[in-house]
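S.K.: Need coordinates for the following:
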Amino acid sequence: MYPRIRDLREDTDMNQTAFAEKVLQMSQTGYSKYETGENDIPTHVLIRLAKYYETSVDYLLGITDEKKPYPRNR
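M.R.: The predicted model follows:
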């Protein structure tokens, strides 16, 4: 369901365990369920992922193919 978050994580050369612990401070099991679509990704996690990967939530969700994020409001 969310192949982009898997692809982006793999681009960082981190396995699920390392990524889940270092970036999201959560378990590998919980993170794995996001990558497979078994669990929906909470908004706060989507925002954290978008900031980490310097992309938009829309890109992560497959709404757009534009990797660059929209300009942020100040």
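S.K.: what about stretch 36-49, distance to the chain center?
M.R.: 7 Å (C-alpha atoms, centre = their mean, to the nearest Å).
S.K.: For that stretch, which outside residues touch it?
M.R.: Stretch 36-49 has contacts (C-beta atoms under 8 Å, 6 or more residues apart in numbering) with 1-2, 5, 8, 23-24, 30, 32-34, 57, 60-61. For the C-beta atoms, the positions are set from N, CA and C on the backbone; glycine is no exception.
S.K.: hmm, which of these are the buried ones?
M.R.: 2, 5, 8, 23, 34, 57, 60 (16 or more other C-beta atoms under 10 Å).
S.K.: Residue 12 and residue 23, how far apart?
M.R.: Here residue 12 is placed at a distance of 9 Å from residue 23 (C-beta to C-beta, to the nearest Å).
S.K.: what does residue 35 give?
M.R.: 13 Å.
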